[in-house]
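Engineer: Need coordinates for the below:
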Amino acid sequence: MDLVTALARARTPEVPGPDTPAGPAVRAWPGPPRPIPDAGPGELDLQELLRLSLAASDRSGRLRPAASAGALHPVDAELVLGAGCPLPPGRYGYDPLRHRVHRLGREPDGTPPGATVELSVTPRRTVSHYGHRAWPLMLLDTGHVAAALWLAGRALGTGASRPRLDGLAEDPLAEVHVALPEGERPDSGAELLARRSAPPPLKGTPPRDVLRAVLATAVQASAGELAWCAAVGEPQPELVEPAPDGTLRRLAAGEARPTLAVWAAGQAWIADAGAVLLAYGCPADADAPGIRRAHLRAGFAAHLAHLAAVRHGLAARPVGSWQRADLGAALGAPPGRDWIVHGLALGTTHSDEEKTS
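Structural biologist: The predicted structure is shown next:
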């Protein structure tokens with residue numbers, strides 16, 4: 001798959017064709033399914049780690065803790081387990097619908113204690129609806145899943161390391177190593193399960209200090225890979241970005257949200273969103289590893305920013321599909337350098353009925 005060509009095509013206004021069958025929601029792992037035993041003293045609670053990050057809440061597969069474009073969930077997970085887990089060391093495929101594993105073979109030499117979760121994708125699921133726009137969306141989804149795993153590890157009090165999001169490998173696209181527990185669990189992880197993408201409309205401009213905090217979370221999680229700004233409406237339409245002193249400064253004056261609505265696959269509700277966070281970068285001449293790295297990191301950062309927004313009482317919804325979204329060119333910079341990679345719409349209003357992502 002030529003990722004450079006795929007991204008260039010996804011950025012055009014070309015409309016995807018009719019929907020096709022998405023296929024099974026879970027990869028057909030070989031061998032019989034195995035339950036995940038309860039963790040013993042000092043062991044990694046593998047059941048809870050997966051419940052807080054990957055497990056579906058119902059058999060449809062739509063209610064998983066990580067956001068996914070179209071609720072299609074293309075990301076598959078293989079577990080490489082070392083010592084200190086309730087299952088014997090080895091490689092396992094995970095079934096998020098049944099919360100079961102399938103043993104695939106031995107663990108590689110040198111596998112560290114704890115669990116390494118390798119993330120790959122089944123393209124058919126996302127291609128079934130998004131067609132040629134699917135690949136950047138699948139990379140963003142993988143970044144969201146990596147963030148969900150990392151947060152779940154933290155909730156369990158483990159020494160969870162930062163995920164591998166370097167974009168160097170096609171398969172697995174990313175991985176997260178979760179170490180053994182280091183102490184008491186800091187919280188129940190309930191807020192991780194409660195995170196859902198709020199349905200439109202998302203109206204009401206977030207308070208300036210809250211917007212600043214959510215942007216700061218996104219910037220830190222991006223690890224320098226992408227720049228972030230936010231389009232706001234009231235009281236004065238403008239684009240703002242984090243300043244070195246921790247405040248927000250104006251990037252551009254004027255109303256950007258109607259244009260963003262057009263660029264985001266014509267989603268008209270974005271024009272009325274309270275604020276829209278934007279991750280941008282990934283120039284037109286980026287190579288395949290650079291494209292993977294930018295999108296994986298964007299999904300990871302947007303997931304953490306989403307949780308930060310919820311903690312501040314905001315409604316939030318990721319926005320992953322962008323066409324003709326050359327933000328740099330729109331602001332007068334050379335074209336092809338600063339494309340919108342991901343977005344997160346925010347509002348102060350809440351719906352009584354949340355729509356799952």
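
Engineer: Tell me which stretches of this structure form strands.
Structural biologist: Remark: strands assigned in the chain by DSSP state E are 75-81, 90-95, 100-105, 115-121, 174-178, 227-232, 238-242, 248-253, 275-281, 315-319, 339-347.

Engineer: Can you list the low-confidence ranges for the stretch 101-250 of the chain?
Structural biologist: In the predicted model, the stretch 101-250 of the chain carries pLDDT under 70 at residues 160, 187-188.

Engineer: how close does the most far-flung residue of the chain relative to its centre sit to Ala155?
Structural biologist: Centroid-distance maximum for the chain: Pro41 at 32.0 Å, with CA atoms, centre = their mean. Here the criterion is CB to CB, to the nearest Å. By it, Pro41 lies 19 Å from Ala155. Where you see a C-beta, it was placed from the backbone N, CA and C, and this is true even at glycine.

Engineer: now do Thr142
Structural biologist: Thr142 sits 20 Å away from Ala155, taking CB to CB as the criterion.

Engineer: same deal with Ile291?
Structural biologist: Ile291 is 31 Å from Ala155, by CB to CB.

Engineer: circling back: quick one, which of the strands of the chain is packed in tightest?
Structural biologist: Greatest average neighbour count among the strands of the chain goes to strand 339-347 (a mean of 28), per mean count of other CB atoms under 10 Å.

Engineer: averaged over its residues, what pLDDT does that strand have?
Structural biologist: Averaged across strand 339-347, pLDDT comes to 98.

Engineer: Send me it as CSV with only the CA atoms.
Structural biologist: The C-alpha coordinates for strand 339-347 follow below in CSV (Å, rounded to 0.1, in the frame of the first residue of the first chain):
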residue,chain,number,x,y,z
TRP,A,339,-2.3,20.2,6.7
ILE,A,340,-5.0,19.5,9.3
VAL,A,341,-4.5,16.0,10.6
HIS,A,342,-7.0,15.7,13.3
GLY,A,343,-9.6,17.7,15.2
LEU,A,344,-11.5,17.8,18.5
ALA,A,345,-14.8,19.7,18.7
LEU,A,346,-15.7,21.1,22.1
GLY,A,347,-18.8,22.6,23.6
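
Engineer: tell me how far the ends of stretch 227-240 are from each other?
Structural biologist: Length of stretch 227-240, first residue to last, CA to CA, to the nearest Å: 12 Å.

Engineer: Quick one: distance of that stretch to the chain centre.
Structural biologist: The chain centroid and the centroid of stretch 227-240 are separated by 22 Å under CA atoms, centre = their mean, to the nearest Å.

Engineer: Let me see the residues that make contact with it.
Structural biologist: With CB atoms under 8 Å, 6 or more residues apart in numbering as the test, stretch 227-240 has contacts from 205, 211, 215, 218-219, 222, 241-242, 248-257, 260, 272-281, 301, 331, 338.

Engineer: Could you verify my assumption that Glu43 touches Leu180?
Structural biologist: Yes - counting by CB atoms under 8 Å, Glu43 does reach Leu180; the two are 7.3 Å apart.

Engineer: Now the common contact residues for these two.
Structural biologist: Both Glu43 and Leu180 are contacted by Gly84, under the criterion CB under 8 Å, 6+ apart.
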